[in-house]
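Colleague: Quick one, what's the 3D model for this:
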Amino acid sequence: MSAPFASRADSPLTVTYQGQVLDTSGGLSFSAPTLGVAIFSAATGGTAGYTETQASVPIRNGSFEITIGTGTSRTGSLKTALAGPNAYLELTVNGEIQAPRQRIVSVPFSLVSTDAGTLGGKTAAQVIAMAKGATGPAGPAGPAGAAGPPITTSAICTNPSLVGGALPVCIAAPTCSCPSGSLLVQMSGSCTAVSTSGACSAGVCGDPISARGTCCICRN
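Modeller: Down below sits the predicted model:
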């Protein structure tokens, strides 16, 4: 009988086996035999790790082909039986054991690589997460952005005092208040107002005649 070779399938695992059946005179047999399949871990002795039965196997010109893993009366695990360092196939034809056992090598062992898709039971994402190191320190802060445009605001003059001159003039330092989120960067001039009555009242920064204008500069 010829040596086995494998054809991969993810589920179930299978191995294709081709061979010839000869009659007692050495000629080709054309009957449909029942084949017993057993896989051992040793060339002789031991207990089969997997067995199955292939009934009424078709014979064509004395040759046959079976797919191990699809028979009936299966016992054990085909994947486990092929996963060890040694695997030997023993065939029984119509109850007669065919000796010696044939060693299964190379391609059939690739059947166990179906687990490589999960990398030892773990997904690719899990393996990447395991290989990921600790988070490094934060990098340096980037450069500060450009300063925004200045905000010019009016200021109320409180408690002005009367000073002399051609006309009585009221003068006081401005009281500045910047909007939320901005800072006072400059306070210029004084609050002035012309008094014709000889009494001072509150005014705003700017022109001494209109007492209107701005003298507080805030920046974002």
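Colleague: Could you point out the bridge partners of V93 in the sheet?
Modeller: L35, E96 (DSSP bridges).
Colleague: and it, how many neighbours?
Modeller: Residues near V93, counting by other C-beta atoms under 10 Å, number 18. For glycine as for every other residue, the C-beta is placed from the backbone atoms N, C-alpha and C.
Colleague: these two touch, right, it and L35?
Modeller: Yes. The pair V93 / L35 is scored as a contact, 6.1 Å apart, by C-beta atoms under 8 Å.
Colleague: Give me the longest helix you can find in this structure.
Modeller: helix 124-131 (DSSP state H).
Colleague: I'd like the mean pLDDT over it, please.
Modeller: Mean pLDDT, computed over helix 124-131, is 74.
Colleague: Then stretch 20-28?
Modeller: Stretch 20-28 comes out at a mean pLDDT of 82.
Colleague: Now the terminal residues of it, how far apart.
Modeller: 7 Å (C-alpha to C-alpha, to the nearest Å).
Colleague: Over to stretch 135-144?
Modeller: First residue to last in stretch 135-144 (C-alpha to C-alpha) measures 25 Å.
Colleague: How about it, which residues are buried there?
Modeller: Buried residues in stretch 135-144, counted by 16 or more other C-beta atoms under 10 Å: none are found.
Colleague: go on, stretch 58-70?
Modeller: Counting neighbours by 16+ other C-beta under 10 Å, stretch 58-70 gives I59, F64, I66, I68, G69 as buried.
Colleague: residue contacts, S73?
Modeller: Contact analysis of S73 by C-beta atoms under 8 Å, 6 or more residues apart in numbering lists T51, E52, T53.
Colleague: Check those for burial and list the buried ones.
Modeller: Here, 16+ other C-beta under 10 Å leaves T51, E52 buried among those.
Colleague: Nearest to A144 among the contacts of S73?
Modeller: E52 (76.9 Å; C-beta to C-beta).
Colleague: Now the closest one. Nearest residue, chain neighbours left out?
Modeller: G71 (3.4 Å; C-beta to C-beta, 6 or more residues apart in numbering).
Colleague: The one you found contacts Y50, correct?
Modeller: No. Contact between G71 and Y50 fails when scored by C-beta under 8 Å: they sit 10.2 Å apart.
Colleague: Compare neighbour counts for the two and give me the winner.
Modeller: The residue with more neighbours, out of G71 and Y50, is Y50; 21 against 17, by other C-beta under 10 Å.
Colleague: Could you measure from that one over to I128?
Modeller: From Y50 across to I128, the span is 36 Å (C-beta to C-beta, to the nearest Å).
Colleague: Low-confidence stretches in the protein?
Modeller: Scanning the chain for pLDDT under 70 picks out the ranges 1-12, 106-121, 147-178, 181, 184-220.
Colleague: could you pull out the helices for it?
Modeller: Secondary structure of the chain, counting by DSSP H: helices at 78-83, 124-131.
Colleague: Would you reformat those helices as a markdown table and include mean neighbour count and distance to D23?
Modeller: Listed next are these as a markdown table, based on neighbours: other C-beta atoms under 10 Å; distance: least, C-beta to C-beta, whole Å:
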| stretch | mean neighbour count | distance to D23 |
| --- | --- | --- |
| helix 78-83 | 19 | 30 |
| helix 124-131 | 10 | 55 |
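Colleague: That'll do, ta.
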